[in-house]
Every structure is written in C-alpha cells, then in structure tokens.
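# what shape does this take:
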Amino acid sequence: MFVLLFIATLFVAVFCYLFLTAGKPLGNLLKKRIIENEEDSIKSMQIELNQLAGKVKAASSLNASMKREPDPKLIKRAKKLKKQIEASKKLINGYKKNGLGMLDLVPLAGYRVIQILRLDSSNSFIAGLNSKCVQFKETNEAMNHTIYITASLIGNILLGVCMFFLGSGLGMALGLGTRALVLGLVLMVVLALLGYIPYDNVNRRIKQRADAIERDFPRAVSKLTLLAVSGMDVSQAWNLVASTEVGTLYEEMERVVIDMQNNVSPVNAFTKFIKRCNYVYTTKLATAVMQNALGGNSAIVDLLRELNTECWMEYKHAARRKGEAISSKLLIPTLLLFAGILILVMVPAVSGFNF
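Residues are numbered from 1 along each chain as shown. Prediction:
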C-alpha cells in the first residue's frame, strides 16, 4: 500500500513538474494550436454551408415551378452547421480572453515531454501520423496538429499511470484488496482512452475521406467530362462541378477554386488537392486539369473520357470487392443461425424418442 502511494506521489510530482516548467511559450503554442484547429473546422463547415446554400438555391428555383418545398434535410443540416460555427467562434473567443483551462494541462505536460525528448518529424510515429494529417490539414497545420495529438496522448498516459498507482494505493488503504488494483486499472484505461480518441479520430477520418472520395469521384468526373465535351472551358467546368454537390471530394474541389481566387498558382492549388485527396484517380484528374490551365491541352477531352471510363470500371470492381467482403463477414452469423435452427428442430425430435 505504502509503496503504491509512494510511486503515485513520484508520478504526480513528475506530472506537476512537467506542466509547471512548460513555461509561457509552450502554453501559447498549445493555445494557438487549439485556436487553429477550431478555425480550420470553421473553414470546412463554411465550405459545406456554401455548398448547401447553392444546392438549396438551385432546388428552390426548380421546386418553385413544381410547387414543392425545399428538401428539409438540407435546411436542417445548414442550421446545424451554423450552430456549430457559432459554438466554435465562442470557444475561440474564450481561449483568446481567458487562456488555457484546467483540461488543457494534460496536453501541456505532453508538450513538455516532447520538448525534453526532442521529438520531431524524424520520429517514426510522428512522421506516420503527420502523413495522415496532411490529407485534411495544410502542411504547417498538419505538423502542429500531429504534435498536439501526440502531446495529448503522452499527457493522458502519464496521468493514467499516476491514477493507477494513486487509485490502487487508496483502494488498499480502504481495505478493498485486489479490487483496488482493478480500480486503478480502470482509471488508467479511461485516461489512456481519452488520449487515444484524438489519434483514432485521425485514422477514422482518413478512412471516411477515402471512402467518400472513391464513391463520389466517378459522378464528379462524369459531370466534368460532359461539360468539357459540350465546349465549356475545363477551369469553368471545375468551378461548376465543385458547387453541384456536398461531400469530401466537392469540398476539396471548392478549396482549389478558393485558392485560385486568392491568387494561388494552379500548380500549388492542384498539388495541395492531390495531397489532400491521396487517390490515384484524383491525381490523374488534377494533373490533366493543371496542364490544361498552365499551357493548354488539346487532348484534355480525350483524357477525361478515358479517365471517366477507367474510374467507372474501378468503381464496379470496388463495389464487387466490398460485396464479397460483406458476404464473408455474414458467413459465420449465417452458420450460427443454421446451427441454432438445427438445435431447435433436433432437440424436440430426440427428446420424443423412447429408448
């Protein structure tokens, strides 16, 4: 009991030392990272809100002649986005006025550990995580976000170890016996999970983005091809297609439009699009459109037609693979259900025999 409490005291002292010696620069860095994260969320939500507004406006003009109301799902989603934007703005104002809160001491301790150990992009864990964050963050923001997630993970693990020894020691003092170790273990697991959730969110977000881009790309390139074949300039067709739907791919296309409106060169705008989408067909499309925007490409229509045919074939193959994967997952439940039916049939039959 006393050994556990002593170890807990040491870990608490280490944890206190970490965030007390973090200093004002690390505190300002953490506050800046949180504000940047909220501002990036506002930017993404604003893009989606603009897409929804365009879609509602187009639907309203069509429904007016048909005497139909606009899609309530679009309006509901738009209202939800407005509330989330307002909440993010309030959070940003709170951090600017009041600074860090008590819950921010945990990642602050993690920042101090990173500073002491001098962890940077040469570390395999940070490099791997940064390669994922680049897909939905700008290059500089991606590294800042990577460090923030790593710091949060380290800080929560350290606090979890502290609570393990502290909870176990106090449990032993209260006479809980082996249940004290269970209590300490539960506290450590809960805190470790709190640190792991942001890291898991990155993996989940990457997978969702990849699925959404793969799902929406064939329809987007079909629209782009149709507009290009009809004689519209490819850049204008890109701008028009970007505003037709709501989704990850269309948001990334809209980012290209916004960047080029802000005098970002086509090379930089489409290079960021390629990195953020990280999909073989978006790379082919962006390269073709970029070449057309820079010096003209007389074969752009033929390239779009070939890409359209190729991506639709891949879409069919991907759908078939997903169907086979779902069928294999359903095999075991089907066998269990069949075994249960056999039991329900055989048990009454066997019990009715007279030996």
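# walk me through the domains of the chain.
Split into domains by automatic domain parsing, the chain comes to 2-175, 211-315.
# shaky segments in the stretch 51-200 of the chain?
Applying pLDDT under 70 to the stretch 51-200 of the chain flags the ranges 58-71.
# and the helices in it, which stretches?
Listed in chain order, the helices of the stretch 51-200 of the chain (DSSP state H, counting those that start in this stretch) span 72-98, 105-117, 124-133, 139-173, 178-229.
# quick one, which of those is nearest to residue 338?
helix 178-229 (31.7 Å; Cβ to Cβ). The C-beta positions use only the backbone N, C-alpha and C, and glycine is treated the same way.
# now the helices of the stretch 51-200 of the chain in TSV, with distance to residue 15 and mean neighbour count?
As requested, these are exported to TSV (distance: least, Cβ to Cβ, whole Å; neighbours: other Cβ atoms under 10 Å):
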stretch	distance to residue 15	mean neighbour count
helix 72-98	23	13
helix 105-117	6	21
helix 124-133	21	16
helix 139-173	6	21
helix 178-229	11	17
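# would JSON lines of those with distance to residue 299 be doable?
What follows is those, written out as JSON lines (distance: least, Cβ to Cβ, whole Å):
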{"stretch": "helix 72-98", "distance to residue 299": "38"}
{"stretch": "helix 105-117", "distance to residue 299": "50"}
{"stretch": "helix 124-133", "distance to residue 299": "33"}
{"stretch": "helix 139-173", "distance to residue 299": "32"}
{"stretch": "helix 178-229", "distance to residue 299": "11"}
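# which among those helices is found nearest to residue 279?
Closest among the helices of the stretch 51-200 of the chain, using Cβ to Cβ: helix 178-229, at 5.2 Å.
# list the helices and strands whichever helix or strand comes after the closest one packs on?
Beyond helix 178-229 on the C-terminal side, the first helix or strand identified by DSSP states H and E is helix 234-242. Helix 234-242 is packed against helix 178-229, helix 248-261, helix 280-295, with contacts defined by 3 or more Cβ pairs under 8 Å, 6 or more residues apart in numbering; DSSP states H and E.
# quick check: phi and psi at residue 22.
Residue 22 adopts backbone torsions of phi -60, psi -40, taken as degrees, to the nearest 10.
# residues touching the closest residue to it other than its chain neighbours, list them.
Leaving out its chain neighbours, the residue that sits closest to residue 22 by Cβ to Cβ, 6 or more residues apart in numbering is residue 112, at 4.5 Å. Residue 112 makes contact with 18, 19, 21, 22, 26, according to Cβ atoms under 8 Å, 6 or more residues apart in numbering.
# so what's the spatially most central residue of the chain up against?
Geometric centre of the chain, nearest residue: residue 205, 2.5 Å, by Cα atoms, centre = their mean. When contacts are counted by Cβ under 8 Å, 6+ apart, residue 205 touches residue 136.
# over to the one 4 residues further on?
The contact partners of residue 209, by Cβ under 8 Å, 6+ apart, come to 135, 136, 248.
# was I right to think the last one contacts residue 212?
Put plainly, it is residue 248. Yes: taking Cβ atoms under 8 Å as the definition, residue 248 is a contact partner of residue 212 at 4.1 Å.
# return the distance of residue 100 relative to residue 37.
Using Cβ to Cβ, to the nearest Å, we find residue 100 at a distance of 14 Å from residue 37.
# I'd like the distance from stretch 24-43 to the chain centre, please.
Centroid displacement of stretch 24-43 relative to its chain, using Cα atoms, centre = their mean, to the nearest Å, is 18 Å.
# could I have the CA atoms of that stretch written out in CSV?
Output in CSV follows, covering the C-alpha atoms of stretch 24-43 (Å, rounded to 0.1, in the frame of the first residue of the first chain):
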residue,chain,number,x,y,z
LYS,A,24,4.6,30.6,-21.3
PRO,A,25,5.9,29.8,-24.8
LEU,A,26,4.6,26.2,-24.7
GLY,A,27,1.3,27.5,-23.2
ASN,A,28,0.9,30.0,-26.1
LEU,A,29,1.8,27.3,-28.6
LEU,A,30,-0.9,25.0,-27.2
LYS,A,31,-3.5,27.8,-27.2
LYS,A,32,-2.5,28.7,-30.8
ARG,A,33,-2.9,25.1,-31.9
ILE,A,34,-6.4,24.8,-30.3
ILE,A,35,-7.5,28.1,-32.0
GLU,A,36,-6.1,26.9,-35.3
ASN,A,37,-7.9,23.7,-35.1
GLU,A,38,-11.2,25.4,-34.4
GLU,A,39,-10.6,27.9,-37.2
ASP,A,40,-9.9,25.1,-39.6
SER,A,41,-13.1,23.4,-38.5
ILE,A,42,-15.0,26.7,-39.2
LYS,A,43,-13.4,26.9,-42.6
